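[1] sequence-free structure coming up:
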């Protein structure tokens, strides 16, 4: 089946479809979604063409908050699901009804977006289309691999496993949204170097303990 969706480049070039920043899209969802809760499915439907990056950004934001336990492990499940679809090369995001039905407080979502907006704006001012090949098929599948590894780290209910990988995923997601391969590389570096450090530290500690016996 031919993909008839307008490309990001075509939308950006069309005055009738001006580019809308990630921070503006996320704020608009908070303002326009009816009710007190936002189902994940409705959020995905509202995000439009840049769904993969925007959904991963929304899910990564609470994981990037230090010393927040429980919530990162909950959102890591849909993060893994979304990242896995990038890895296998899906062009449209699909979630089972069970995940689409998961909802979160509209007030909590609005507070999270308000808290994240200042640094999102900083990244958006710095970002621009560059090294675009890293954000498009087939290399975007490698971005999915980095996101998947980071999401699996976030799912581990141990200290230090979620904040830095969450920041890395958020930067990766912004890179996808803004077609900025430099941000993609930076996000991957942040997430994977930290996870590598944790893995090295963990194996070193385990080896030291085993050597005592």
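    Sure thing, it's come through. For clarity, every value in this text was computed on a predicted model and none was experimentally measured.
[2] Spatially, and excluding backbone neighbours, which residue is closest to the residue most central in space within the chain.
    For the chain, the residue lying nearest the average C-alpha position, counting by C-alpha atoms, centre = their mean, turns out to be residue 56 (2.4 Å). Nearest-residue entry for residue 56: residue 173, 4.1 Å, with adjacent residues in sequence omitted and distances by C-beta to C-beta, 6 or more residues apart in numbering. Using the backbone N, CA and C atoms, a C-beta is placed for each residue, glycine as well.
[3] unless I'm mixing things up, that neighbour is touching residue 51, no?
    No - taking C-beta atoms under 8 Å as the contact criterion, residue 173 and residue 51 are not neighbours in contact, 10.9 Å apart.
[4] circling back to that earlier point, what separation do you get for the residue nearest to the centre of the chain and residue 152?
    Applying C-beta to C-beta, to the nearest Å, one obtains 14 Å for the distance of residue 56 from residue 152.
[5] circling back to that earlier point, residue 173 and residue 51 - which one has more neighbours?
    A direct count of neighbours by other C-beta atoms under 10 Å for residue 173 and residue 51 places residue 173 higher, at 28 against 18.
[6] on that earlier part again, for the helix or strand hosting the residue nearest to residue 56, what does the pLDDT average out to?
    Under the criterion DSSP states H and E, the helix or strand holding residue 173 is helix 163-178. When the per-residue pLDDT values of helix 163-178 are averaged, the result is 93.
[7] Give me the packing partners of it, helices and strands only.
    In this structure, helix 163-178 packs against helix 22-32, helix 51-63, helix 106-126, helix 140-155, helix 181-210, with contacts taken as 3 or more C-beta pairs under 8 Å, 6 or more residues apart in numbering; DSSP states H and E.
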